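1. Pasting the sequence and the predicted coordinates here, then a few questions.
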Amino acid sequence: TQSTRPQRLLGAVQKNATRGHPRSVIQAIDHFCRNKEWAMNVGDEKGCILDSVVSEVSPATVLELGTYCGYSTVRIASRLPPHAKLITLEFNPEFAVIARQVIAWAGVEDKVQLVEGASGDWIPRMKEQFGVKTFDLVFLDHWKDRYLPDTKLMEECGLLRKGSILLADNVICPGTPDYLEYVRNSPRYESQYFKSHLEYTKVEDGLEKSVFLG
Ligand SMILES: C[C@H](C[C@H]1O[C@@H](n2cnc3c(N)ncnc32)[C@H](O)[C@@H]1O)NC(=O)c1cc(-c2ccc(F)cc2)cc(O)c1O
Ligand SMILES: [Mg+2]
């Protein structure tokens with residue numbers, strides 16, 4: 001039977017990356033996506049911006065929406081301070097299976113809780129299910145039309161505190177116009193655009209970093 005692209009991406013990790021070395025896992029995926037098959041990881045260019053935000057925030061609690069194959073999960077987890085926790089939500093069970101193996105190969109599974117399911121169902125249950133009070137950092141990288149409703153849901157569920165950071169991928173391509181309009185015009189957010197390119201291409205894309213003001 002035919003393999004899927006995520007399965008081939010995992011194969012490239014297992015072939016070319018060293019177990020327990022997150023950087024080699026990231027390099028193996030970027031090499032695969034540049035030279036073999038494009039895949040919708042945040043990529044190395046936007047990934048560097050993600051890295052700098054994670055290092056600056058040094059978050060104790062992180063929520064990632066849209067795990068896919070775990071590329072950004074590994075990038076974030078490998079830069080977290082000790083005892084910090086990353087919860088990542090993935091809707092598609094096939095992608096979740098691959099992501100778990102990529103996360104394990106990188107050796108960051110102790111910092112990561114991968115939850116299978118839809119953000120809309122799980123966000124209201126974060127407190128009771130995982131003992132989370134608020135998130136210091138949220139990385140939005142799931143369906144682009146879910147960024148805004150899920151941001152409002154996180155506000156309503158009291159999951160954001162004064163100073164919580166939202167970092168959103170793909171605000172230009174594929175684009176999240178309603179989300180951008182909201183965080184750039186709401187008095188409750190201070191927003192900043194980091195211009196970059198769609199992963200592994202020359203197409204414009206960027207990350208939007210928004211601080212929740214409470
Ligand atoms: C949406 C995907 C990423 C993952 O998110 C999971 N997901 C979804 N909705 C939910 C939920 N509600 N809860 C939990 N997980 C959820 C899904 O299953 C995918 O695995 N990302 C993209 O579609 C994406 C697409 C492009 C892209 C750009 C130009 C093109 F020509 C073609 C594609 C670039 C990117 O950088 C992306 O990130
Ligand atoms: Mg993305």
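-> The structure has been received and is ready for your questions. From a predicted model like this one, the values you see are computed outputs, not experimental measurements. Residues are numbered from 1 along each chain as shown. Ligands and ions are numbered 1, 2, ... in the order given.
2. Briefly note if the one helix or strand residue 33 maps to comes near ligand 1.
-> Assessed by DSSP states H and E, residue 33 sits inside helix 22-35. No. Shown here: helix 22-35 not in contact with ligand 1 (Cβ under 6 Å from any ligand atom), separated by at least 11.1 Å. Where you see a C-beta, it was placed from the backbone N, CA and C, and this is true even at glycine.
3. For the closest residue to residue 15 other than its chain neighbours, give me its contacts.
-> With Cβ to Cβ, 6 or more residues apart in numbering as the criterion, residue 15 has its nearest non-adjacent residue at 7.7 Å, and that residue is residue 28. By Cβ atoms under 8 Å, 6 or more residues apart in numbering, the contact list for residue 28 reads 12, 13, 15, 16, 17.
4. which residue sits closest to the fourth one, ignoring its sequence neighbours?
-> Excluding the flanking residues, the one nearest residue 16 by Cβ to Cβ, 6+ apart is residue 28, at 4.1 Å.
5. quick one: pLDDT of that neighbour?
-> With respect to pLDDT, residue 28 scores 99.
6. How about the residues of the protein by ligand 2?
-> 141, 169, 170 (Cβ under 5 Å from the ion).
7. can you rerun that using 6 Å?
-> Counting by Cβ under 6 Å from the ion, the chain comes close to ligand 2 at 40, 42, 141, 169, 170.
8. Kindly indicate the member of the contacts of residue 28 with the most neighbours.
-> Counting neighbours by other Cβ atoms under 10 Å, residue 13 comes out on top of these with 25 neighbours.
9. give me the residue from this structure nearest ligand 1.
-> For the chain, the residue closest to ligand 1 is residue 66, as judged by Cβ to the nearest ligand atom, at 2.9 Å.
10. Tell me, how many residues neighbour the closest residue to that residue other than its chain neighbours?
-> Distances taken as Cβ to Cβ, 6+ apart place residue 142 nearest to residue 66, at 3.2 Å, with adjacent residues excluded. Residue 142 is flanked by 21 other residues according to other Cβ under 10 Å.
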